[in-house]
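In: sharing a model that was predicted from the sequence below.
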Amino acid sequence: MVTTQHAREVYNVPLRKHFKSRFPALDVHRRNEPVATDTIWSDTPAVDNGAKFAQLFVGHRSLVTDVYPMKTDKEFVNTLEDHIRYRGAMDKLISDRAQVEISKKVTDITRAYNIDQWQSEPNHQHQNFAERRIATIEANTNNILNRTGAPDSTWLLCVTYVCCVFNHLAHESLDNRTPLEILSGSTPDISVLLQFHFWEPIYYRLEDATFPSDGTEQRGHFVGIADSVGDALTYKILTDGTNKILYRSSVRSATIPGETNLRLTPQDGERGPKPINFIKSRRTENQNSYAIKELPGFTPDDLIGRTFLTDTRDDGERLRARITRKILDPDKPSDINVSQGGNRGGIVSFMSALLYDPMYTWYDQSRPTSEATEIEPKDGE
């Protein structure tokens, strides 16, 4: 193909001012190949963003593979727009007739950019070129997760990393050329892929650290490459403490002997940072959910010096009393008498009390009280 014509000059009399692009197909880069797409489903929310879906696009001629996270499959339209913006408009969009992939919004986008549409026959998924690519990507993702011990929640980061590696690998079907070279015509550089492997423990520079408690480094894991942040050697780092993605270029490996940061890396017999549970229910909040939490209680000594209002008398008067001391009754060793002094001076009355179990204390507060209240004592009081 030497030249194309995606537009034709049309004018009206009188001439009018244009507020929108009349030919969007001419405003975007063309990649000159069909692109197949399909959805990856996961049973585990992805770390940092909670996505459980990913939309994969693969070029039929170049084999360039890209993946975009989705929280619901309805976000397919957004991934299609992002892919066109990032890689260019394809000649044809190949899908499997999923409703979100043949919606009116998708048709409007393909019409605006002059993109053909083609769908595979029902129950003939093998007609979609992306199906085979997804199987290859998933198999390699599982191998990396198995060999590195990375948690399941890093599946999306690992899928993205695998796609990046595949885009930089030479393929025999491409005459031993890389997919990115076929697509762009330029030889890609692999320097960024040679620094770390997926889920490798690393140290990254800590900004605005407080001396000396914070140190100068923090520990994390390498989980990918930052294509649109910083310089060519900028990486995605999953922090150990917060499980958030950071983009850093000042990074070094934590596996080199003799260069270990002993303030951050657990030694033999020590435990690492406690994992954070991002998804939990009320039942898992306490592993022993059937256990009754201890209710607040008090001892006689805690009551000394406190005041309270007595019940209203027949004449309508109500007194404020202060607890001044406790008295042990020799006739009833299990009883404790609390001396109560009034605000008019002298001893107003005695309130004999047994210290209740904390649960009964709460019950007593909800019913009428008299000057004599029995509370069961605690063990050892």
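Out: Alright, I've got the coordinates.

In: whichever helix or strand His221 is part of pairs with which strands?
Out: Using DSSP states H and E, His221 falls within strand 217-225. Sheet pairing for strand 217-225, assigned by DSSP bridges, gives strand 201-205 (antiparallel), strand 235-239 (antiparallel).

In: roughly how far is it from the heart of the chain?
Out: Relative to the centre of its chain, strand 217-225 is centred 16 Å away, using C-alpha atoms, centre = their mean, to the nearest Å.

In: which other residues reach that strand?
Out: Identification of contacts with strand 217-225 by C-beta atoms under 8 Å, 6 or more residues apart in numbering yields 150, 154, 157-158, 160-161, 164, 192-193, 196-206, 234-241, 245-246, 251, 254, 261, 264-265. Every residue, glycine included, has its C-beta placed from N, CA and C.

In: so how do I select the buried members of those in PyMOL?
Out: Buried residues within the contacts of strand 217-225, by 16 or more other C-beta atoms under 10 Å, are selected in PyMOL with:
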select buried, resi 150+154+157+158+160+161+164+192+196+198+199+201+202+203+204+234+235+236+237+238+239+240+245+246+251+254+264
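
In: using the three-state scheme, assign Leu169.
Out: coil (DSSP: H, G, I helix; E, B strand; the rest coil).

In: roughly how far does it sit from Ala130?
Out: 18 Å (C-beta to C-beta, to the nearest Å).

In: out of those two, which sits in the busier spot?
Out: Legend: neighbour count by other C-beta atoms under 10 Å for Leu169 and Ala130, higher for Ala130 (25 against 14).

In: now do the phi/psi pair for that one.
Out: For Ala130, the backbone dihedrals are phi -70, psi -20 (criterion: degrees, to the nearest 10).

In: residues in contact with it?
Out: With contact set as C-beta under 8 Å, 6+ apart, Ala130 has these partners: Ala36, Thr37, Asp38, Leu56, Phe57, Val58, Ile94.

In: relative to Thr178, how far out is the second one?
Out: The reference is to Thr37. Distance from Thr37 to Thr178, by C-beta to C-beta: 21 Å.

In: which one of those two is surrounded by more residues?
Out: Thr37 (26 against 22).

In: how many neighbours does the nearest residue to the more buried one once chain neighbours are set aside have?
Out: Excluding the flanking residues, the one nearest Thr37 by C-beta to C-beta, 6 or more residues apart in numbering is Phe57, at 4.9 Å. Phe57 is flanked by 26 other residues according to other C-beta under 10 Å.

In: quick check: bridge partners of Phe57?
Out: Bridge pairing for Phe57 - DSSP bridges - gives Thr37, Asp66.

In: so it touches Ile84, yeah?
Out: No: applying C-beta atoms under 8 Å as the test, Phe57 and Ile84 come out as separate, 9.7 Å apart.

In: re the thing from before, could the contacts of Ala130 go into TSV alongside pLDDT and distance to Asp66?
Out: TSV is the format used below for the contacts of Ala130 (pLDDT from 0 to 100; distance: C-beta to C-beta, whole Å):
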residue	pLDDT	distance to Asp66
Ala36	97	12
Thr37	96	10
Asp38	95	12
Leu56	97	7
Phe57	98	5
Val58	98	8
Ile94	96	15
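
In: grab the two from those that are most spread out in space.
Out: Using C-beta to C-beta, the two most remote members of the contacts of Ala130 are Leu56 and Ile94, lying 11.9 Å apart.

In: got any residues that touch both of these two?
Out: Thr37, Ala130.

In: shaky segments in the chain?
Out: Low-confidence segments of the chain (pLDDT under 70): 1, 6, 8, 10, 266-298, 328-381.

In: again, only using 50
Out: Residue ranges of the chain with pLDDT under 50: 269, 278-279, 281-283, 288, 290, 342-363, 366-381.

In: ok, which stretches of it are helices?
Out: Assigned by DSSP state H, the helices in the chain fall at 76-87, 104-112, 129-148, 155-167, 179-184, 282-285, 300-303, 358-365.

In: which parts of the longest one are buried?
Out: Residues of helix 129-148 classed as buried: Phe129, Ala130, Glu131, Arg133, Ile134, Ile137, Glu138, Asn140, Thr141, Ile144, Leu145 (neighbour count, 16+ other C-beta under 10 Å).

In: grab the nearest non-local neighbour of His29.
Out: Gly88 (3.7 Å).

In: can you pull the contacts of the one you found?
Out: By C-beta under 8 Å, 6+ apart, the neighbours of Gly88 are Val28, His29, Arg30, Arg31.

In: got the contact list for the second one?
Out: The contact partners of His29, taken as C-beta under 8 Å, 6+ apart, are Arg87, Gly88, Ala89.

In: from Phe19, how far out is it?
Out: Counting by C-beta to C-beta, the gap from His29 to Phe19 is 24 Å.

In: please tell me how far the spatially closest residue to Asp27 that is not a sequence neighbour sits from Tyr113.
Out: In this structure, Asp27 finds its nearest non-sequential neighbour in Ser21, 5.6 Å apart by C-beta to C-beta, 6+ apart. Separation of Ser21 from Tyr113 (C-beta to C-beta): 11 Å.

In: related to what we said a few turns ago, number of residues surrounding the residue nearest to Asp27?
Out: 10.

In: before we move on, what about Arg263?
Out: Neighbours around Arg263, by other C-beta under 10 Å: 11.

In: just use 560 as the starting number from now, easier for me
Out: Taking 560 as the first residue, the last one we looked at is Arg822.

In: verify the stated contact: it with Gly774.
Out: Yes: in this structure Arg822 lies within contact range of Gly774 using C-beta under 8 Å: 5.6 Å.

In: who touches both of the two?
Out: With C-beta under 8 Å, 6+ apart, Arg822 and Gly774 have no common neighbours.

In: still on that earlier bit, now render the strands paired with strand 776-784 as TSV, adding distance to Phe781.
Out: Below are the strands paired with strand 776-784 laid out as TSV (distance: least, C-beta to C-beta, whole Å):
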stretch	distance to Phe781
strand 760-764	5
strand 794-798	6
